[in-house]
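Asks: From the sequence below, what's the structure:
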Amino acid sequence: LSAVLYVETTHALYERWIKWDESLSHGLIIIGLFLYFLFSVSPLEASQDKTSVKILCLACLSITSLTWYVASLINIYVVGQLALIAVITCLLTAVFGIRFLHQHFKLLPLLIFAIPIWDHLTDPLVNLSGLVVGKLVRLLELPAVIDSNSIFIPHGEIVIADGCSGLRYLTISLAIAYIISYLNDYSLKKLCASLIIATVIGLMANWLRIFILVLVGYETQMQSSLMSDHEYFGWA
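Replies: Next comes the predicted model:
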């Protein structure tokens, strides 16, 4: 129902999800897992809330829908996408009652890993990757000149561009940690610890990837095929 009524946002998200070279290529998997988890706790029992609570739920649904409409109208896509998650939450709560929200509130945030709100981290992550990899290169005393996000070695230049931000690895690492936490019903403390560990793993994996590419470029005089195509190397 949400996919049909809010088709502008869902279609835009779908277009992002099917671009396998983008940072949201895992979006369809996240949606599939969300639906699987939702159906695994079915049938959902509707609770008999007080009239005032029902009115409040419907009011929240109206407000979030209006927020989505305004955001779509003025092309603030991220706000519209976040509003859609709020709409789905309010819709399920309005149908099944406050008890549903209390019992399954840990499942609903999973959807945030399927929207491109994480794209705002690209520039900071690129700068952080350049800083860390630059320090690693200096630590090994390689003959290289480091200029911001560019590393010049004797036989060429390695640029840490947006695709080297590690955003996709970070987002998926966080999503996996959240799914593990949900399946094991972790407390808030354990959930936060899992997300911190996932953040460290996601970032370090990308830094290691870039650093190895610098070493490969240096040792092979930039002739290795990895220098032009390292997509699968990154995932490995």
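Asks: Now do the contacts for residue 233.
Replies: For residue 233, the contact set (CB atoms under 8 Å, 6 or more residues apart in numbering) comprises 209, 213, 226. For glycine as for every other residue, the C-beta is placed from the backbone atoms N, C-alpha and C.
Asks: That one: which element?
Replies: Secondary structure assignment for residue 233, by DSSP states H and E: helix 231-235.
Asks: What average pLDDT does that helix get?
Replies: Helix 231-235 comes out with an average pLDDT of 74.
Asks: ok now it, how far from the chain's centre?
Replies: 18 Å (CA atoms, centre = their mean, to the nearest Å).
Asks: can you pull the buried residues of stretch 219-230?
Replies: For stretch 219-230, burial by neighbour count (16 or more other CB atoms under 10 Å) applies to 222, 227, 230.
Asks: for the protein, longest helix please?
Replies: helix 188-219 (DSSP state H).
Asks: Which strands and helices lie in contact with that one?
Replies: Contacts defined by 3 or more CB pairs under 8 Å, 6 or more residues apart in numbering; DSSP states H and E place helix 188-219 against helix 122-139, strand 150-153, strand 156-159, helix 167-183, helix 231-235.
Asks: burial count for residue 57?
Replies: 22 (other CB atoms under 10 Å).
Asks: OK, contacts around it?
Replies: Taking CB under 8 Å, 6+ apart, we find residue 57 in contact with 49, 90, 93, 94, 98.
Asks: run the last query once more with 6 Å
Replies: Listed by CB atoms under 6 Å, 6 or more residues apart in numbering, the contact partners of residue 57 are 93, 94.
Asks: ok, now residue 173?
Replies: Taking CB under 6 Å, 6+ apart, we find residue 173 in contact with 198, 201, 202.
Asks: these two touch, right, the first one and residue 174?
Replies: Yes: applying CB atoms under 6 Å, one finds residue 198 in contact with residue 174, separated by 5.0 Å.
Asks: which parts of the helix-or-strand element of the chain with minimal mean pLDDT are buried?
Replies: Lowest by mean pLDDT, DSSP states H and E among the helices and strands of the chain is helix 231-235, with a mean of 74. Within helix 231-235, the residues scored as buried using 16+ other CB under 10 Å are residue 234.
Asks: now stretch 154-168
Replies: For stretch 154-168, burial by neighbour count (16+ other CB under 10 Å) applies to 158, 160, 163, 164, 165, 166, 167, 168.
Asks: Could you find the lowest-pLDDT member of those?
Replies: Ranked by pLDDT, the buried residues of stretch 154-168 bottom out at residue 163 (73).
Asks: what comes up buried for the helix or strand encompassing residue 62?
Replies: Element membership for residue 62 (DSSP H and E) is helix 51-73. The neighbour-count check on helix 51-73 (16+ other CB under 10 Å) flags 56, 57, 60, 61, 64, 65, 67, 68, 71, 72 as buried.
Asks: Identify the residue nearest the fourth one in space, chain neighbours excluded?
Replies: Here the nearest residue to residue 61 in space, its sequence neighbours aside, is residue 90; by CB to CB, 6 or more residues apart in numbering that works out to 4.0 Å.
Asks: List the residues that contact that neighbour.
Replies: By CB under 6 Å, 6+ apart, the contact set of residue 90 is 60, 61, 64.
Asks: Residue 204 versus the residue of the chain positioned farthest from its centre, what's the distance?
Replies: Distance from the C-alpha centroid of the chain, by CA atoms, centre = their mean, peaks at residue 51 (37.5 Å). Taking CB to CB, to the nearest Å as the measure, residue 51 falls 53 Å from residue 204.
Asks: Could you list the low-confidence segments of this protein?
Replies: Along the chain, segments meeting pLDDT under 70 span 20-22.
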